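Novice: Give the three-dimensional model of this entry:
(chains A and B, ligands or ions: 1)
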Amino acid sequence: MDQTEIQKKIQELQSLAEKSSVDIQSDLKRLQEKLSEGRVTPQDLWKRVLLARNSDRPTTLEVISHITEQFLELHGDRVFGDDPALVGGVGLMDGRPITFIGHQKGRNMKENIRRNYGWAHPEGYRKALRLAHEAEKFGRPLVTFIDTAGAYPGLAAEERGIGEAIARNLKEFALLKIPVICFILGEGGSGGAIGIAVGNEVFMLENSYYSVISPEGCASILMRDPSKAPEAAAQLKMQPQDLLSFGVIDGIIPEPPGGAHTDHAYTAANIKQQILESLKRLEQKTGEQLARERMTKFLAMGRFVEEEGSKQNFFQRLFGLNKKN
Amino acid sequence: MALFSNLLGRMFSGKKPAPTQVVPLKDERTFVAQKHSCPACHTHLDEGELERNLFVCPQCSHHFRITPVERIKFLSDPGTFQEFSSEVQTTNPIGFPGYEAKLNEAKAATGLADAILNGFVQIDGRKAIFSIMTFKFMGGSMGSVAGEKLTRALLTGIEKRLPVILFTTSGGMRMQEGIFSLMQMAKTSAAIAQMELSQIPLFVVLTDPTYGGVTASFAMLGDVIIAEPGASIGFAGPRVIESTIRQKLPEGFQKSEFLLQKGFIDAIVSRAELKKTLGFLIDTHMARLKVR
Ligand SMILES: [Zn+2]
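Specialist: As a prediction, this is how the structure comes out:
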C-alpha cells in the first residue's frame, strides 16, 4: 500500500470506528503506526496540529472531572488575583489525594473570553506555585496539564512580571519533594507551557505538540510567510514521537481514533492509567530522591558536542556536592 | 519564542522600529563611526571618545551595547580572565535546515563559538566567575550550548565556592534547536536551584536587550539583579504586545527604569560604577563563606 492508500483506509476505518469496535481500533492504530514509520508529509503533520487545537478537545477541568471522584478548585495567588486561564485544586482519585493544576481553555467564545483562550497571566503561574508548595507541605503528588499557546503577551502581564513568574516556577518546581507528573493535553506553547511542566515524568497526548515557538511564528520569522506553518511544524520536530525519540518526554498517551475530542472518557481513562503507573514508581522514592532526579534530568537536557580530551563530568561533581550537603 | 521573532523581525524586515525604541536596533556603533554623533541624543561624538567613556554617551548617558571582550576589559582586573568550558560546541540537534550556515556566519562575524563566554576573573582582587552573553551571535539566542555553558558556570561556582555574575542579552530561545532550546530554561533554572542549596551568590546584570526565555528563566533568578540604564527587558517583545492589545505602549515601557519601578530588579547601575558595585556585592555576600 502506498501512503494515499493507507490514508484512505484510515479514513474508512475512522468512520467505522464510531461504533468503537476494538478490532477496528487496533487495525487503525497499526495503520497509523505504519504511516508514521514511512514518509509523512507536512500536511499529514499539520492535521495533527489542528487536532491539538480542536476546541472540542478535553480541557484540564474536564479531564479532572473524569478521573476524580471529588475535586475542589482552589483559587487565587494570594497577591494579586485569580487567573481563570490557569486553574488548580485538590482531588481524590481512587481515594488518594492529588493536587492538580493546568491551563484552562474555553469551549466557546464566551468561555474563552473569560479564560483568555488559555493564555495565562503572572498570577496564574503564581497560583500554580502556591498550590505546588501546598501539595508539598501535605505530601500530595502533583499532576499538571499543559494546554496553552503561550503565556499572555500583554501589557499587564509584563507589568506584573510574567518572566519572573515563569522563572520562579522553573526553579521552585525543580526543588519539589513530591512526585510531579505532567501531561501535554493539546498545545504545549513555549515558556507558558514549560512554566508548569518541570516534572519527574512528562507525557504527551498522541495529537498534542510541544514547541519552543508556534509553527506560525517560526514560519513568519524564518520563511517570512506565516502560511508556511505546516512546513515549519515539520522542521521544528514538535510532535510526541519526535520528543520521545529525543528523550525529552517519557511516553505518549493514546487517543481514540479520530482524536481526543471524539471520546473524552476514553482519553481521560488513559491519562488516569498513566498517573497510577507513574505513581507506583515514584511513590517508592523519598522526597529528596524525587527532587534530585528531577533536577538531574533537566540538567542533562540539550545536545552539543565536546572536543576530545575534555570529558569533565559535571553531574558526578554535582552528586558529590549533594552528598556533602 | 514570540519575542525573538519580534526582535529578529525588526532587525531584518527594514520596517521602522516600534515607537518605544529610542535607538534603532541596527549597529549603533556603526552609526557613531559614520555620523560622528550619538544615535540617542545626536550630540557630536567620535569613536575614540566613546570608547574612553566605556561606550557610554558623555552627554545623555546612553549605554551602547558592548562585546564580551569589552565587558571583561571594563569590569575585571587586567590579565585575570581565564576562559573555561570552551570545549562545548554547537551541533544541529534536530537537523534544522540552514542552521549550520547561520552558525558559521555568526562564528565568522563574532569570533565566538556561540552566544555565551565563560571565564574566571578577578574584580579588584576578588575572585569570581563571569558568564557573558552577546547579542551579536544570532541575537543572543539560547540553544543547547549556551544552556550548557551557563549551567557549567553555575556549577563551577558551587564547586569552587566562587560568586557567579551573569551578563544577559538575548532575543529569546534559539528556535533552530526546537524543543532542546526550550528545555534550557528548565535546565539553567535547575542549576540555580542547586546553587541556592549551596548558598553561593548569583548576581545578574541585565543589559540591552534581554527578552523571551532568558527573561523567563535565569535572568530573573539572581540573588541580586542589576540592570544597565535604559536597557530593554521583557518577556514578549513590544511589537507582539502592541499587536495583541491593539494600542501603543507607554513611553519607557520595558526599560530598566520601568522594571525598577515595578519591583523586578534591585538596582540600576551605570557602566562606570558597575565594577565597584560588583566588588561590593561580593564582599557583602561572601563574608560567611570566607569565614568557614
Ligand atoms: Zn547621547
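Novice: From the opening residue of stretch B:253-268 to its closing one, how far?
Specialist: Taking Cα to Cα, to the nearest Å, the first and last residues of stretch B:253-268 lie 16 Å apart.
Novice: Find the helix or strand that the residue nearest to the spatial centre of chain A is a member of.
Specialist: Centre of chain A computed as the mean C-alpha position; nearest residue by Cα atoms, centre = their mean is residue A:184, 1.7 Å away. Per DSSP states H and E: residue A:184 is located in strand A:180-189.
Novice: List the neighbouring strands of that strand plus their orientation.
Specialist: In the sheet, strand A:180-189 lines up against strand A:142-148 (parallel), strand A:201-205 (parallel), strand A:209-211 (parallel) (DSSP bridges).
Novice: so how far is that strand from its chain's centroid?
Specialist: 1 Å (Cα atoms, centre = their mean, to the nearest Å).
Novice: Could you point out the helix or strand that follows it?
Specialist: Following strand A:180-189 in sequence, per DSSP H and E, is helix A:190-194.
Novice: and that next one, is it in reach of chain B?
Specialist: Yes. Counting by Cβ under 8 Å from any Cβ of the partner chain, chain B has neighbours in helix A:190-194: A:190-191, A:193-194. Placement of C-beta: from N, CA and C, glycine included.
Novice: Check what contacts that helix and list those residues.
Specialist: A:103, A:119-120, A:146, A:148-152, A:166, A:170, A:184, A:187, A:210-214, B:1-2, B:173, B:182-183, B:185-186, B:212-213, B:216, B:235 (Cβ atoms under 8 Å, 6 or more residues apart in numbering or on different chains).
Novice: just curious, which of the residues of helix A:190-194 next to chain B is nearest to residue A:87?
Specialist: residue A:193 (15.4 Å; Cβ to Cβ).
Novice: Pull the number of nearby residues for the closest one.
Specialist: By other Cβ atoms under 10 Å in any protein chain shown, 25 other residues sit near residue A:193.
Novice: Which stretches in chain A count as strands?
Specialist: Applying DSSP state E to chain A gives strands spanning A:70-73, A:86-93, A:96-103, A:142-148, A:180-189, A:201-205, A:209-211, A:251-253, A:305-306.
Novice: between the ones you listed, which gets nearest to the ion?
Specialist: For the ion, the closest of the strands of chain A is strand A:180-189, at 39.5 Å, according to Cβ to the ion.
Novice: tilt between the closest one and strand A:96-103?
Specialist: Going by axes from the mean of the first three to the mean of the last three Cα atoms, to 10 degrees, strand A:180-189 is angled at 20 degrees with respect to strand A:96-103.
Novice: Render the CA-only coordinates of strand A:180-189 in PDB, please.
Specialist: The C-alpha coordinates for strand A:180-189 follow below in PDB (Å, rounded to 0.1, in the frame of the first residue of the first chain):
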ATOM      1  CA  VAL A 180       5.400  15.600  39.800                       C
ATOM      2  CA  ILE A 181       3.700  14.200  36.600                       C
ATOM      3  CA  CYS A 182       3.000  16.400  33.600                       C
ATOM      4  CA  PHE A 183       0.700  15.900  30.600                       C
ATOM      5  CA  ILE A 184       0.700  18.000  27.400                       C
ATOM      6  CA  LEU A 185      -3.000  17.800  26.600                       C
ATOM      7  CA  GLY A 186      -3.100  19.900  23.400                       C
ATOM      8  CA  GLU A 187      -0.900  22.900  22.800                       C
ATOM      9  CA  GLY A 188       2.500  23.000  24.600                       C
ATOM     10  CA  GLY A 189       3.400  26.500  23.700                       C
END
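Novice: same question for it, mean pLDDT?
Specialist: Regarding strand A:180-189, the rounded mean pLDDT is 98.
Novice: repeat for stretch B:106-126
Specialist: Averaged over stretch B:106-126, pLDDT sits at 94.
Novice: What residues of that stretch count as buried?
Specialist: Buried residues in stretch B:106-126, counted by 16 or more other Cβ atoms under 10 Å in any protein chain shown: B:106, B:110, B:112-123, B:126.
Novice: For the residue nearest to residue A:80 when sequence neighbours are not counted, grab the count of nearby residues.
Specialist: The spatially closest residue to residue A:80, leaving aside those adjacent along the chain, is residue A:123, at 4.6 Å (Cβ to Cβ, 6 or more residues apart in numbering or on different chains). Residue A:123: 24 surrounding residues under other Cβ under 10 Å.
Novice: Would you enumerate the residues in contact with residue A:123?
Specialist: Taking Cβ under 8 Å, 6+ apart, one finds A:76-77, A:79-83, A:160, A:165 in contact with residue A:123.
Novice: Just the buried subset of these, please.
Specialist: Of these, these count as buried by 16+ other Cβ under 10 Å: A:77, A:81, A:83, A:160, A:165.
Novice: how far away is the residue lying closest to the third one once chain neighbours are set aside from the ion?
Specialist: The one in question is residue A:83. Excluding its sequence neighbours, the residue lying closest to residue A:83 (Cβ to Cβ, 6+ apart) is residue A:124, at 3.2 Å. Distance from residue A:124 to the ion, counting by Cβ to the ion, to the nearest Å: 41 Å.
Novice: wait, residue A:124 sits on residue A:80?
Specialist: No. At 10.2 Å, residue A:124 does not count as touching residue A:80 under the criterion of Cβ atoms under 8 Å.
Novice: mind showing which ranges of chain A have poor pLDDT?
Specialist: Within chain A, the ranges that satisfy pLDDT under 70 run A:1-40, A:307-325.
Novice: Pick out the residue in it sitting closest to the ion.
Specialist: residue A:158 (26.5 Å).
Novice: Name the nearest residue to that residue, sequence neighbours excluded.
Specialist: Closest to residue A:158 by Cβ to Cβ, 6+ apart is residue B:234, at 5.4 Å.
Novice: which secondary structure elements does the longest helix along chain A contact?
Specialist: Ranked by residue count under DSSP state H, the longest helix found in chain A is helix A:264-282. Where contact means 3 or more Cβ pairs under 8 Å, 6 or more residues apart in numbering or on different chains; DSSP states H and E, helix A:264-282 is packed against helix A:60-67, strand A:180-189, strand A:201-205, strand A:251-253.
Novice: Now distance to residue B:82 too, for those, in CSV please.
Specialist: Listed next are the helices and strands packed on helix A:264-282 as CSV, based on distance: least, Cβ to Cβ, whole Å:
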stretch, distance to residue B:82
helix A:60-67, 50
strand A:180-189, 39
strand A:201-205, 38
strand A:251-253, 44
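Novice: Would you mind finding the most buried of those?
Specialist: Comparing the helices and strands packed on helix A:264-282 by mean neighbour count (mean count of other Cβ atoms under 10 Å in any protein chain shown), strand A:180-189 ranks first with a mean of 28.
Novice: got the strands of chain A as a markdown table, with distance to the ion columns?
Specialist: Below are these laid out as a markdown table (distance: least, Cβ to the ion, whole Å):
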| stretch | distance to the ion |
| --- | --- |
| strand A:70-73 | 54 |
| strand A:86-93 | 43 |
| strand A:96-103 | 45 |
| strand A:142-148 | 42 |
| strand A:180-189 | 40 |
| strand A:201-205 | 49 |
| strand A:209-211 | 41 |
| strand A:251-253 | 56 |
| strand A:305-306 | 43 |
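Novice: Out of these, which is closest to residue A:294?
Specialist: Closest among the strands of chain A, once you apply Cβ to Cβ, is strand A:180-189, at 6.7 Å.
Novice: Next, count neighbours for the residue nearest to residue A:158.
Specialist: Neighbour number of residue B:234 under other Cβ under 10 Å is 27.
Novice: That one contacts residue A:163, doesn't it?
Specialist: Yes. Residue B:234 is within contact range of residue A:163, at 6.9 Å (criterion: Cβ under 8 Å).
Novice: intersection of neighbour lists for the two?
Specialist: residue B:215.
Novice: Which residue comes closest to residue 49 once chain neighbours are left out?
Specialist: I'll assume chain A. Among residues not flanking residue A:49 along the chain, residue A:233 sits closest, at 5.4 Å (Cβ to Cβ, 6+ apart).
Novice: right idea, wrong chain: chain B
Specialist: That would be residue B:58: by Cβ to Cβ, 6+ apart, it lies 7.1 Å from residue B:49.
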